[in-house]
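>>> Predicted model and sequence follow; I will ask about them next.
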Amino acid sequence: MRESVIYQDIQQEKALSIIIRQLRRKVGTVQPAQLLNIQALESTQFDDLAEALLDFSS
C-alpha cells in the first residue's frame, strides 16, 4: 500500500500542508510564487525544507 501512487500523493499533500503552515507561522505571509516553488519540490526536498525551517527567522 505504501508503494501506491495514491498513498504517496496523500503523504506529499500532508507534508506540503505542514510545511506551509510552519512557514506562515515562522515568517508570516508566503508569496504565491514561493508557494508554487514549494509545491514543485520532490518529497526528499520537502524533508530538507521542513528541517531547514527550524532555523528560519525571515
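Cool, the structure landed.
>>> what comes into contact with stretch 42-57?
8, 11-12, 15-16, 18-19, 22-23, 26-27, 38, 41 (C-beta atoms under 8 Å, 6 or more residues apart in numbering). Where C-beta positions appear, they are placed from N, C-alpha and C, glycine not excepted.
>>> May I ask you to name the longest helix in the chain?
If you go by DSSP state H, the chain has its longest helix at helix 5-27.
>>> name the helices or strands packed onto it?
If contacts are counted by 3 or more C-beta pairs under 8 Å, 6 or more residues apart in numbering; DSSP states H and E, helix 5-27 sits against helix 32-39, helix 43-52.
>>> For these, which has the smallest mean pLDDT value?
Here the lowest mean pLDDT among these goes to helix 43-52, at a mean of 87.
>>> Between helix 5-27 and it, find me the angle.
Calculated by axes from the mean of the first three to the mean of the last three C-alpha atoms, to 10 degrees, helix 43-52 forms an angle of 20 degrees with helix 5-27.
>>> coming back round to it: go through the longest helix of the chain and flag the buried ones.
15-16, 19, 23 (16 or more other C-beta atoms under 10 Å).
>>> Can you lay out those as CSV showing distance to Pro32?
Output for these, formatted as CSV (distance: C-beta to C-beta, whole Å):
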residue, distance to Pro32
Ala15, 19
Leu16, 14
Ile19, 15
Leu23, 13
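>>> ok, back up a step: what pLDDT, on average, does the longest helix of the chain get?
Mean pLDDT, computed over helix 5-27, is 89.
>>> thinking again about what came up before, quick one, which of the helices and strands packed on helix 5-27 gets closest to Ser4.
Among these, helix 43-52 comes nearest to Ser4, with 14.3 Å by C-beta to C-beta.
>>> so the closest one versus helix 32-39, what angle?
120 degrees.
>>> Check which residues of helix 43-52 are buried.
In helix 43-52, the ones that count as buried by 16+ other C-beta under 10 Å are 46, 49.
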